[in-house]
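Trainee: Need the 3D shape of this:
(one chain, ligands or ions: 1)
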Amino acid sequence: MLKMELDEDLQNIAHENYEFKNWAKTFSCHPELLFTPKTELQVVKVVQLAKRMNKRIKVFGSGHSPSDLACTTEFLVNIDHMDGLLSVNKEKGRVTVQAGMSLHKLHVVLKENNLALSNLGSISDQSVAGVMATASHGTGAHFGCLSTLIVDMTMVTADGDMVTCSSSEHTELFNAAKCNLGCLGIVTRVTLQTEPAFRLEAIQRPYKFPDVLNDWDATIHSAEHVRVWWYPHTDDCVVWRANRTDKPKTIDLQTMTNTATSWWCERVLGFHIYQGLLNLTRYQPAVIPTLTQFMFNKVHSRPLHVVDDSHKIFNFDCLFPQYVNEWAIDWDDAPAALRQLDRFIKENNLKVHFPVEIRFVDQDDIWLSPAYGRKTCYIGVIMYR
Ligand SMILES: Cc1cc2nc3c(=O)[nH]c(=O)nc-3n(C[C@H](O)[C@H](O)[C@H](O)COP(=O)(O)OP(=O)(O)OC[C@H]3O[C@@H](n4cnc5c(N)ncnc54)[C@H](O)[C@@H]3O)c2cc1C
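Mentor: Prediction:
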């Protein structure tokens with residue numbers, strides 16, 4: 001279908017010859033047309049057009065999913081222009097936003113209202129709709145995935161109808177839509193439960209991985225938010241713990257300006273030099289275990305102690321484009337799975353990158369959520385590209 005065949009309103013938001021690529025550049029597609037609506041009415045018009053023309057629609061947010069979920073050769077929709085704050089209920093700590101808002105913008109909006117998200121994943125580049133569509137998660141034994149923060153959501157369904165669902169309205173749709181993988185419609189607005197803005201104190205220390213696996217339950221509950229980074233090819237790991245605090249901020253995490261040593265370790269060695277060395281290991285993979293041990297000894301074994309606004313502590317620099325896969329399993333089964341993974345790497349003489357990231361999420365009742373009905377351990381494995 002050609003753009004010139006559309007009415008003027010749709011022509012203004014339609015784009016031809018667009019190539020979609022996800023953040024890691026592992027998947028791409030050429031949709032027939034990309035639509036970038038600015039209003040809910042335009043979203044409805046796009047869906048009605050697709051229905052008339054018998055076209056499939058996919059929608060994407062910031063393209064950070066390490067999958068081809070958003071790929072299509074037919075109609076692609078992006079609602080980045082729909083990123084406004086719609087209302088704030090300070091008494092209940094609830095905000096309603098347009099679902100194209102990025103998490104970065106959401107943090108600013110929440111801070112202006114002295115509010116914050118209770119938990120967060122490693123980055124804030126994603127859209128609110130994208131994070132919720134995949135039940136994205138952070139870590140914390142008593143914290144569910146981010147979709148558990150949804151109070152209500154509005155979407156344009158395949159019929160072109162606008163439907164608002166919540167725990168008391170269209171309940172079944174709500175249970176399905178909180179983790180919808182973009183399959184149930186185009187989500188246009190979301191109301192989120194937040195909490196009063198808070199600071200986190202994060203402490204990061206090196207441990208022996210077998211000790212952590214042997215002391216599993218105590219590790220999971222050793223702070224409000226706990227994550228473990230294991231360094232394959234070694235028996236070393238780092239445990240990161242964060243708790244709410246009234247202590248003053250220690251450093252500005254964004255610039256790492258506290259000391260020249262930390263700047264050297266984090267930015268120069270931990271990023272630029274590491275990237276160069278990783279490139280070399282493409283030709284000499286056998287060096288990867290030595291590189292991992294070197295990086296652990298020089299950069300990651302240093303104890304770290306910081307206090308800052310919650311979202312700055314939750315977020316991390318995820319370094320370079322990467323292949324990712326992440327498994328969600330019952331957290332009681334995780335030590336056995338991780339020991340087996342270690343054996344598998346050794347027995348097959350695999351050369352893999354660090355870290356393997358291990359996080360904990362409370363159970364929920366969202367139909368497609370990996371944490372449905374069970375306390376879940378996420379084991380994330382990356383290979384830098
Ligand atoms: C560096 C990096 C770090 C990450 N860290 C974490 C982490 O810590 N924890 C975690 O759980 N995940 C993490 N992720 C994964 C990421 O949070 C999810 O893939 C998330 O879905 C990406 O959001 P997005 O806005 O980029 O959505 P996209 O990747 O664009 O789309 C993802 C899904 O959302 C759907 N979608 C997007 N917008 C809408 C809409 N308006 N209506 C309906 N459906 C929609 C799409 O159709 C698709 O199914 C990370 C990814 C990267 C690249």
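Trainee: Do a quick rundown of the strands in the stretch 251-385 of the chain.
Mentor: With DSSP state E, counting those that start in this stretch as the criterion, the stretch 251-385 of the chain has strands at 304-309, 322-330, 356-361, 376-384.
Trainee: I'd like the average pLDDT over the first one.
Mentor: The average pLDDT for strand 304-309 rounds to 95.
Trainee: could you dump it to CSV, C-alpha only?
Mentor: Provided in CSV are the C-alpha atoms of strand 304-309 (Å, rounded to 0.1, in the frame of the first residue of the first chain):
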residue,chain,number,x,y,z
LEU,A,304,31.6,-0.2,45.9
HIS,A,305,29.4,1.9,48.2
VAL,A,306,27.1,4.5,46.8
VAL,A,307,23.9,6.4,47.8
ASP,A,308,21.8,8.1,45.1
ASP,A,309,18.3,8.6,43.8
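Trainee: does F354 really touch F294, like I thought?
Mentor: No: the pair F354 / F294 is not scored as a contact, 10.9 Å apart, by C-beta atoms under 8 Å. Placement of C-beta: from N, CA and C, glycine included.
Trainee: more neighbours, these two?
Mentor: Per other C-beta atoms under 10 Å, whichever of F354 and F294 has more neighbours is F354, with 24 against 14.
Trainee: ok, T292 to P206 distance?
Mentor: T292 sits 13 Å away from P206, taking C-beta to C-beta, to the nearest Å as the criterion.
Trainee: If you count surrounding residues, which of the two has more?
Mentor: Set T292 next to P206 and count neighbours by other C-beta under 10 Å: T292 wins out with 22 against 16.
Trainee: Quick check, pLDDT for that one.
Mentor: pLDDT, T292: 91.
Trainee: And the average pLDDT for stretch 161-172 is what?
Mentor: Averaging pLDDT along stretch 161-172 yields 97.
Trainee: what's the span of that stretch, first residue to last?
Mentor: Terminal residues of stretch 161-172 are spaced 17 Å apart (C-alpha to C-alpha, to the nearest Å).
Trainee: Around the ligand, pick out the residues from the stretch 201-350 of the chain.
Mentor: C318 (C-beta under 6 Å from any ligand atom).
Trainee: switch the cut-off to 8 Å
Mentor: The interface of the stretch 201-350 of the chain toward the ligand, taken as C-beta under 8 Å from any ligand atom, is made up of C318, Q322, V324, E326.
Trainee: quick one: which of the strands of the stretch 251-385 of the chain is nearest G130?
Mentor: Closest to G130 of these is strand 322-330 (C-beta to C-beta; 15.0 Å).
Trainee: Return the angle between stretch directions for the closest one and strand 376-384.
Mentor: With axes from the mean of the first three to the mean of the last three C-alpha atoms, to 10 degrees applied, the angle from strand 322-330 to strand 376-384 works out at 160 degrees.
Trainee: Which neighbouring elements make contact with strand 322-330?
Mentor: Packed against strand 322-330 by the contact rule (3 or more C-beta pairs under 8 Å, 6 or more residues apart in numbering; DSSP states H and E) you find strand 376-384.
Trainee: Between the residues of the stretch 201-350 of the chain next to the ligand, identify the one with the most neighbours.
Mentor: Most crowded among these, counting by other C-beta under 10 Å, is C318 at 18 neighbours.
Trainee: is it true that it touches I123?
Mentor: Yes: between C318 and I123 there is a contact at 6.0 Å, judged by C-beta under 8 Å.
Trainee: ok so, going back, kindly reformat the strands of the stretch 251-385 of the chain as TSV containing distance to D342.
Mentor: Formatted as TSV, these follow (distance: least, C-beta to C-beta, whole Å):
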stretch	distance to D342
strand 304-309	25
strand 322-330	15
strand 356-361	9
strand 376-384	12
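Trainee: So which of those is the most surrounded?
Mentor: Highest mean neighbour count of the strands of the stretch 251-385 of the chain: strand 356-361, a mean of 24 (counted as mean count of other C-beta atoms under 10 Å).
Trainee: Tell me the helices and strands packed up against that one.
Mentor: strand 225-230, helix 334-347, strand 376-384.
Trainee: Export these as JSON lines, with columns for distance to F174 and mean pLDDT.
Mentor: JSON lines is the format used below for those (distance: least, C-beta to C-beta, whole Å; pLDDT from 0 to 100):
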{"stretch": "strand 225-230", "distance to F174": "27", "mean pLDDT": "98"}
{"stretch": "helix 334-347", "distance to F174": "30", "mean pLDDT": "97"}
{"stretch": "strand 376-384", "distance to F174": "21", "mean pLDDT": "94"}
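Trainee: so can I have JSON lines of these showing distance to A218?
Mentor: Shown next, in JSON lines, are these (distance: least, C-beta to C-beta, whole Å):
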{"stretch": "strand 225-230", "distance to A218": "10"}
{"stretch": "helix 334-347", "distance to A218": "12"}
{"stretch": "strand 376-384", "distance to A218": "15"}
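Trainee: how does this structure divide up, domain by domain?
Mentor: Following automatic domain parsing, one finds the domains of the chain at 3-78, 85-196, 199-384.
Trainee: Check those for me and report the most buried one.
Mentor: domain 85-196 (a mean of 20).
Trainee: Can you get me the start-to-end distance on that one?
Mentor: Domain 85-196 end-to-end distance (C-alpha to C-alpha) = 18 Å.
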